[in-house]
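Participant: Build me a model:
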Amino acid sequence: MKKIKSKKVEGIIDEIIDQYAYADTTQRPWIIGFSGGKDSTVLLTLVWIALQRIRSLPNPFQLRRPIYVVCNDTLVENPIISAYVEKVLAKIEIEARNQDLPIFVKKTTPKLDESYWVNVLGKGYPVPNNTFRWCTDKLKIRPTSSFLHEQIDEKGEAIVLLGTRYDESSTRERSMKKHERKGQRLSKHNTDANTFVYAPIKELVLEEVWYIINVVDSPWGFDNNILFQIYSDASADDYECPTVVTNKEHKSCGQSRFGCWTCTVVKEDKSMSALVDKGQGWMAPLVKYRNMLVEQRNDPKFRKATRRNGASAIDEEGNNRGTYAEFYRAQLLEKLLLIQKEVQQDHPEVVLITNQELIAIQVIWNRDGYFDRHVGQIYREIYNKDFMSNSMKSLGQTERRIMQEVCEDKPEYYHLIDNLLEIQESKTLLISKYGLHNDVEKQIERFVTEK
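Facilitator: Purely as a prediction, here's the structure:
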């Protein structure tokens, strides 16, 4: 097979071959965290080439160890990256089968009640920042860990391959070396038992990463120029660009980091803004919405005086610091759906919030006793249609008219019954009656107390 014109890169491939086929005789699965970015792309490229070479050996080693390419979708990924990754994963699946390689794609997502919008718009969690960074655990760590634990339960142990590099930052280098074992390729995972970590490309520098992307053909047959162009378009004032290029199109590119389009942990999302400036104008409303989330995060008029557990959340100056108030959650949902409708005019494939999340948000609003606004009503006003089928609704117009007539002298009873039916309906939509009894009791108690 054709050699790569870099002794360092060839050395990494040889090491991967040795680790896969000879140094470890177990069948512990390899799990590659794949984001579609430059580092995970290079990692998978070198592993793929290693498998191809193992198969071509004079006495071919049987490729028994499975390799899982695990991609976690937070459901709020940058739409440009999300669309790109979907295409890449589809190509990887097809070519792994065509080449008869033990490479399997696995996509993970957060649990419904842990998704970004269910937490922010449903439960009223303030958007993440550096002091309350709840998103990483719920959206990224837990979904991937769940799959990892499945493999450990089945095989006893697993090896996680990481595309981390010393060159990324001094902090990253210290963190990596802290867990390494001298003279050994594998190190223990710092949180998961029976899990080992292998970082084959840890000594590559940025220029070498871009060299591989620009020079080495993708072994699964994708065009790496697309990835290069995405990074190039997302580079604003980035200062590191590859100097090893193969043609004039490779003259500028940064090491922009792509994440959630809603990310409020960073002060400014430079990659999103750069994409807008370089032709992706349809993403401008997303940038504006994200900036609004940052600006309004700590505004006490949008926050409650308590947390979700009922604990007081008033600071020394008397400002509310609890969860978002229900009316504000409804406002944010309305603006989000308006943006989604606008974006979908030219990009119908873009979904900013799923129907399942909308249903879950309504369930939480009901449990919180908020009936002033309804998710279905907001959706209907914007899209002029229902996001649920009529067969899923408890009462039709005729039934509601009769109920209003019966309760004509006591309209408050009509609203109570309507709210109780809505609680029951939302539970039915989730195909779960868990907590229904308590929710009904709480609503009746609120009604009696207010009377």
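
Participant: Would you mind measuring from residue 266 to residue 289?
Facilitator: Separation of residue 266 from residue 289 (C-beta to C-beta, to the nearest Å) stands at 15 Å. Placement of C-beta: from N, CA and C, glycine included.

Participant: and if you look at residue 337?
Facilitator: 11 Å.

Participant: Do a quick rundown of the strands in this structure.
Facilitator: Along the chain, counting by DSSP state E, strands occupy 30-33, 67-72, 103-108, 158-161, 187-188, 195-198.

Participant: more crowded one of residue 266 and residue 289?
Facilitator: Neighbour totals were compared for residue 266 and residue 289, and residue 289 leads with 17 against 14 (other C-beta atoms under 10 Å).

Participant: list the contacts for the more buried one?
Facilitator: 262, 335, 336, 339 (C-beta atoms under 8 Å, 6 or more residues apart in numbering).

Participant: what's the burial count for the last one?
Facilitator: Residue neighbour count, defined by other C-beta under 10 Å, stands at 18 for residue 339.

Participant: now the strands of the chain as TSV including mean neighbour count, mean pLDDT and distance to residue 52?
Facilitator: Rendered in TSV, the data for these read as follows (neighbours: other C-beta atoms under 10 Å; pLDDT from 0 to 100; distance: least, C-beta to C-beta, whole Å):
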stretch	mean neighbour count	mean pLDDT	distance to residue 52
strand 30-33	22	95	15
strand 67-72	22	96	13
strand 103-108	17	96	11
strand 158-161	24	94	17
strand 187-188	15	86	27
strand 195-198	20	93	19
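
Participant: Of all those, which one is nearest residue 354?
Facilitator: strand 103-108 (14.5 Å; C-beta to C-beta).

Participant: Contacts made by that closest one with the rest, please.
Facilitator: Residues from elsewhere that reach strand 103-108, judged by C-beta under 8 Å, 6+ apart: 48, 51, 66-73, 89, 92-93, 96, 143-144, 146-147.

Participant: try 7 Å
Facilitator: With contact meaning C-beta atoms under 7 Å, 6 or more residues apart in numbering, strand 103-108 is reached by 66-73, 89, 92-93, 96, 143-144, 147.

Participant: Next: stretch 156-175.
Facilitator: With contacts defined as C-beta under 7 Å, 6+ apart, stretch 156-175 is touched by 28-33, 39-40, 42-43, 47, 148, 151-152, 176, 186, 189, 194-206.

Participant: Just the buried ones from the residues you listed, in ChimeraX syntax?
Facilitator: Buried residues among the contacts of stretch 156-175 (16 or more other C-beta atoms under 10 Å), as a ChimeraX selection:
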select :28,29,30,31,32,33,39,40,42,43,47,148,151,152,176,186,189,194,195,196,197,198,199,200,201,202,204,206
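
Participant: Quick check: end-to-end length of stretch 151-170?
Facilitator: 32 Å (C-alpha to C-alpha, to the nearest Å).

Participant: Show me what counts as buried in it.
Facilitator: Within stretch 151-170, the residues that count as buried by 16+ other C-beta under 10 Å are 151-152, 158-168.

Participant: With stretch 9-16 instead?
Facilitator: Applying 16+ other C-beta under 10 Å to stretch 9-16 flags 9, 12, 13, 15, 16 as buried.
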